[in-house]
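In: Generate coordinates for the sequence data below:
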Amino acid sequence: MADMDRRSSSRPFGLFILFIVPVAAAMLLYWLDSFDPAPLPFHDFSPEPIVVAKINPRLLQESEMIGVGKLLGAEDIAYHSGEHVIYTGCADGWIKRISLKDSTVQNWTFTGGRPLGVVLSRNAQLLVADAEKGLLEVTADGRVKTLTDEAEGVKFKLTDGVDVGADGLIYFSDASYKYSLKENLFDLLEGRPYGRLLSFDPSTEETKVLARDLFFPNGVALSPDQNSVIFCETLMKRCLKYHIQGERKGLVDRFIDNLPGPPDNIRFDGEGHYWIALAMGKSWEWDLVLKYPWIRKVGAIMERYNVRPPIQKNAGVLAVDLEGKPIAYYYDVGLSDVSTGVKIGNHLYCGFVTQPYIIRLDLLQHAARATT
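Out: Here you go, the predicted structure:
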């Protein structure tokens, strides 16, 4: 009887030990970790959520897949109208060339790094923002040349988005001068502005920093009048406008904020609309992560141990007009990591950071519909 009493009395203590030891270990791990996230400037956000008049919540379900298994991490897309082909940079370091006639995929040229943003110049040279190599130029026969890989004595760590003006001036982003692509989540979790918007002049080979102290600047798109550059600031879930000319030359204004999710690339379609790729849709979990630095520190510790909660869904593409007014939103609960959306003719082509394909949606058959 005494033995039974001792065993029953030891059970609460044993349960206490089972609870307190993991908690104590977790707290110790937290306090000993040197990762130090910063509060984000939420006062910069507009208090008004965006309203989209038309939506299509079946982007994945109504699209066809192209290049399945051959296009891992097709992060951005550049269209060559004369040859009816698209170019995309993939996770294996290859620039792939895809025929839109029969969807065949060709390994076109190897950068030796991780090609992200791609755009064709007026003389059909492919410009590449390579996360590891810097800003590259690829000739029509596939030869790769490094244009620039540093500015003001600071090396690029994550060259990301790129576009080119009618005058040949190249605009691009260095998402972080502290973290590489493989470490990019730590940049987002730290919450400090390590990004820059830059330009490169091929005629003088001069690299300029246009805007600094940015929170993971990503995709870049010239306005049709060539007076400004619209660029995505991923961590802040917004797009900003840098003025190239006019009274506000050299200044940065808000273009659109309170996006449903973090933006990646942005592309102008030549028809009055920008298409903004969103890596995920609205997520209360991600909103909490952004709001509280201590949660971001926990997230960084979890990332080091390869533990990442599955919160990325409802990714898609948002179309806005030249003033940043939302026009149509295409997304799908089954999508994550959409990195680009490019309108070619009557189709929307989407690339991904992680998926082994691109998708194509017929915008006439599957147009976004009014929500009311």
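In: give me the number of residues near S81?
Out: Neighbour count of S81, defined by other Cβ atoms under 10 Å: 10. Placement of C-beta: from N, CA and C, glycine included.
In: distance of it from L120?
Out: The span separating S81 from L120 equals 9 Å under the rule Cβ to Cβ, to the nearest Å.
In: in the stretch 251-372 of the chain, which spans are helices?
Out: In the stretch 251-372 of the chain, the segments counted as helices under DSSP state H, counting those that start in this stretch are 284-291, 293-304.
In: got a list of what K54 touches?
Out: K54 sits next to I327, A328, Y329, A367, A368, R369, A370, T371 when contact means Cβ atoms under 8 Å, 6 or more residues apart in numbering.
In: Nearest residue to it in space, ignoring adjacent ones along the chain?
Out: Excluding its sequence neighbours, the residue lying closest to K54 (Cβ to Cβ, 6 or more residues apart in numbering) is A368, at 3.8 Å.
In: helices and strands of the chain: which one bottoms out on pLDDT?
Out: The helix or strand of the chain with the poorest confidence is helix 2-32; it has a mean of 51 (mean pLDDT, DSSP states H and E).
In: State the next helix or strand along the chain beyond it.
Out: strand 54-56 (DSSP states H and E).
In: Quick check: buried residues in whichever helix or strand comes after that following strand?
Out: On the C-terminal side of strand 54-56, the closest following helix or strand by DSSP H and E is strand 64-66. Going by neighbour count (16 or more other Cβ atoms under 10 Å), the buried part of strand 64-66 is I66.
In: Also stretch 185-203?
Out: 186-191, 193-200, 202.
In: Could you identify the most distant pair in the residues you listed?
Out: Greatest spatial distance among the buried residues of stretch 185-203 (Cβ to Cβ): L189 and P202, at 36.2 Å.
In: and K343, how many residues sit next to it?
Out: By other Cβ under 10 Å, the residues close to K343 number 20.
In: for it, what are its contacts?
Out: The contact partners of K343, by Cβ under 8 Å, 6+ apart, come to R267, D269, E271, H273, W275, Y349, L363.
In: that older thread, show me the buried residues of stretch 185-203 that map onto strands.
Out: Of the buried residues of stretch 185-203, the ones assigned to strands by DSSP state E are G195, R196, L197, L198, S199, F200.
In: ok, the fourth one to I98 distance?
Out: With distances defined as Cβ to Cβ, the gap from L198 to I98 amounts to 29 Å.
In: The nearest residue to E152 once chain neighbours are set aside: what's it in contact with?
Out: Excluding the flanking residues, the one nearest E152 by Cβ to Cβ, 6+ apart is V209, at 5.9 Å. For V209, the contact set (Cβ under 8 Å, 6+ apart) comprises A151, E152, R196, L197, L198.
In: 7 Å instead, please
Out: A151, E152, R196, L198 (Cβ atoms under 7 Å, 6 or more residues apart in numbering).
In: how about CSV for those, with distance to Q245 added?
Out: Output for those, formatted as CSV (distance: Cβ to Cβ, whole Å):
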residue, distance to Q245
A151, 21
E152, 23
R196, 20
L198, 17
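In: Go through the residues you listed and say which is closest to I256.
Out: Using Cβ to Cβ, the contacts of V209 come closest to I256 at R196, 20.9 Å.
In: how close does R114 sit to T146?
Out: Shown here: R114 relative to T146, a distance of 14 Å by Cβ to Cβ.
In: ok, those two, which is more surrounded?
Out: Set R114 next to T146 and count neighbours by other Cβ under 10 Å: R114 wins out with 22 against 14.
In: Neighbours of the nearest residue to the more buried one once chain neighbours are set aside, how many?
Out: Ranked by Cβ to Cβ, 6+ apart and with sequence neighbours excluded, the top spatial neighbour of R114 is A131, at 4.3 Å. As a burial measure, A131 scores 25 neighbours (other Cβ under 10 Å).
In: so what's A131 up against?
Out: A131 makes contact with G113, R114, L116, L158, T159, D160, L181, according to Cβ under 7 Å, 6+ apart.
In: can you tell me which residues contact the residue nearest to K54?
Out: A368 sits next to K54, I55, N56, A328, Y329, Y330 when contact means Cβ under 7 Å, 6+ apart.
In: so R238 touches P260, yeah?
Out: No - here R238 does not reach P260: they are 11.5 Å apart, not a contact under Cβ atoms under 7 Å.
In: Give me the common contacts of these two.
Out: Any residue near both R238 and P260 by Cβ under 7 Å, 6+ apart counts here, and not one turns up.
In: follow-up on the earlier one: filter the contacts of K343 down to the buried ones, PyMOL style.
Out: Burial among the contacts of K343 is assessed by 16+ other Cβ under 10 Å; the matching PyMOL selection reads:
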select buried, resi 267+269+273+275+349+363
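In: Let me have the contacts of K343 in CSV, extended by distance to A74 and pLDDT.
Out: Below are the contacts of K343 laid out as CSV (distance: Cβ to Cβ, whole Å; pLDDT from 0 to 100):
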residue, distance to A74, pLDDT
R267, 14, 98
D269, 19, 97
E271, 23, 96
H273, 22, 98
W275, 16, 98
Y349, 9, 98
L363, 20, 98
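In: Pick out whichever of the contacts of K343 sits closest to L169.
Out: Distances from L169 to those, taken by Cβ to Cβ, are shortest for R267, at 18.1 Å.
In: Any idea what the closest one is bridged to?
Out: Here R267 shows beta-bridge partners W275, assigned using DSSP bridges.
In: dump the residue contacts of it.
Out: Neighbours of R267 in contact, by Cβ under 7 Å, 6+ apart: A221, Y274, W275, T340, G341, V342.
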